[in-house]
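Q: Quick one: sequence and predicted model below, then my questions.
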Amino acid sequence: MNLRDRTYDELEINLTPLIDVVFLLLIFFMVSTTFVHESEITLNLPEASRNALQEKPQSLSISIDSKGRYYLNGVALVNTQLETLKKAMSASAVGLDDPQIIITADGETSHQNVVNVMDAARQLGFLKITFTTRIRDEGE
C-alpha cells in the first residue's frame, strides 16, 4: 500500500498566446476600418410627395436613358463625353442665377453616368442638385 502524500502540481495557464491573438485582432480591426470620406459635391436630396411645386425654380433638367445617353432640357447631346456635357450645361445656364440641376436617370443606367452629371455640375459651380423620383404604387 502506498501511503505517501501525493503532490499536486499547480495548474498554470499561459496567457502569452492569448495576449498575442488579442493584439493581432486589434491590429487587424485598426487596419481594416474605413474612414469617413467627405464628398466634394453638395447634394440637395428630394423628398417624394404628392404635392406639386407652387413655383417653378430656374433649373436645368438632365435626363439619362438606359444606354447612358444624356438629354439636356429634352434635347439629346451629341455624345456622352464629360466636356460635351459641361459645354451644354454652361450654354443652357446663361442668364440663370444659380440654376438647380434636376437629374432624371433611368433605373437601368450606369451609376457612373449619374456621377458624371454631378461632377460636371460641381466643376461648373452649380451647387443645387436634385433627383426626380416617382411614387411607388401600392400594387408594385
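A: All right, it came through fine.
Q: show me what contacts residue 61?
A: Residues in contact with residue 61, defined by Cβ atoms under 8 Å, 6 or more residues apart in numbering, are 72, 73, 74, 102, 104. No exception for glycine: its C-beta is placed from N, CA and C like everyone else's.
Q: can you put those residues in a markdown table and add distance to residue 120 and secondary structure?
A: Putting these into a markdown table (distance: Cβ to Cβ, whole Å; DSSP: H, G, I helix; E, B strand; the rest coil) gives the following:
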| residue | distance to residue 120 | secondary structure |
| --- | --- | --- |
| 72 | 11 | strand |
| 73 | 15 | coil |
| 74 | 18 | coil |
| 102 | 14 | strand |
| 104 | 15 | strand |
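Q: Redo the residues you listed as JSON lines? Include distance to residue 134 and neighbour count.
A: Formatted as JSON lines, the entries for the contacts of residue 61 read as follows, by distance: Cβ to Cβ, whole Å; neighbours: other Cβ atoms under 10 Å:
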{"residue": "72", "distance to residue 134": "21", "neighbour count": "18"}
{"residue": "73", "distance to residue 134": "20", "neighbour count": "12"}
{"residue": "74", "distance to residue 134": "18", "neighbour count": "7"}
{"residue": "102", "distance to residue 134": "14", "neighbour count": "18"}
{"residue": "104", "distance to residue 134": "10", "neighbour count": "15"}
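Q: of all those residues, which comes closest to residue 59?
A: Sorting the contacts of residue 61 by how near they are to residue 59, with Cβ to Cβ, puts residue 102 at the top with 5.2 Å.
Q: thought that closest one was touching residue 126?
A: No. Under the criterion of Cβ atoms under 8 Å, residue 102 lies out of contact with residue 126, with a separation of 11.0 Å.
Q: I'd like the next helix or strand past the longest helix along the chain.
A: Of all the segments assigned as helix in the chain under DSSP state H, the longest by residue count is helix 16-32. Stepping forward along the backbone from helix 16-32, the first helix or strand reached (DSSP states H and E) is strand 59-64.
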